[in-house]
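A.B. asks: With the input below, show me the fold.
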Amino acid sequence: MTFQTRGLDFLKDVDVRLTVELGRTEMKLKDVLSLTEESVVLLDRLTDELLDVMVNGKLIARGEVVAQGERFGLRIVELIGQESAMAGTR
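C.D. replies: Numbering: from 1, shown residues only. Prediction:
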């Protein structure tokens with residue numbers, strides 16, 4: 001039996017989870033429990049900073065929020081290449 005490789009084409013139909021991270025914060029549980037509908041939670045990002053785009057928890061790009069009609073979208077500004085990924089592990 002011969003296995004013919006088609007590159008990575010066979011992976012193109014695999015479902016992955018794409019997430020966009022607006023920011024993070026740390027809170028005590030008592031503060032989380034006291035949140036109400038009008039609460040504001042401050043995040044660690046500034047309004048002009050790019051958002052992290054992750055696939056299955058791995059950073060792949062950075063982008064900015066855009067409005068398309070009545071929906072929000074994301075414009076990819078920077079793809080994280082192999083060089084950037086390697087620099088982050090040093």
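
A.B. asks: And for Val77, the neighbour number?
C.D. replies: Neighbour count of Val77, defined by other CB atoms under 10 Å: 12. Where C-beta positions appear, they are placed from N, C-alpha and C, glycine not excepted.

A.B. asks: Name all residues that make contact with it.
C.D. replies: Leu50, Ala61, Arg62, Gly63, Glu64 (CB atoms under 8 Å, 6 or more residues apart in numbering).

A.B. asks: one more time with 10 Å
C.D. replies: Listed by CB atoms under 10 Å, 6 or more residues apart in numbering, the contact partners of Val77 are Leu50, Leu51, Val53, Ala61, Arg62, Gly63, Glu64.

A.B. asks: then stretch 42-56 to PDB, C-alphas only?
C.D. replies: The C-alpha trace of stretch 42-56 is given here as PDB (Å, rounded to 0.1, in the frame of the first residue of the first chain):
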ATOM      1  CA  LEU A  42     -10.700  47.400  33.300                       C
ATOM      2  CA  LEU A  43      -8.500  45.400  31.100                       C
ATOM      3  CA  ASP A  44      -4.700  45.400  30.600                       C
ATOM      4  CA  ARG A  45      -4.900  46.800  27.000                       C
ATOM      5  CA  LEU A  46      -5.000  50.400  25.800                       C
ATOM      6  CA  THR A  47      -7.700  51.300  23.200                       C
ATOM      7  CA  ASP A  48      -5.200  51.700  20.400                       C
ATOM      8  CA  GLU A  49      -3.400  48.300  21.000                       C
ATOM      9  CA  LEU A  50      -3.900  45.400  18.600                       C
ATOM     10  CA  LEU A  51      -5.900  42.400  19.700                       C
ATOM     11  CA  ASP A  52      -4.500  38.900  19.800                       C
ATOM     12  CA  VAL A  53      -5.900  36.400  17.400                       C
ATOM     13  CA  MET A  54      -5.500  32.800  18.500                       C
ATOM     14  CA  VAL A  55      -6.200  29.400  17.100                       C
ATOM     15  CA  ASN A  56      -6.700  26.700  19.800                       C
END
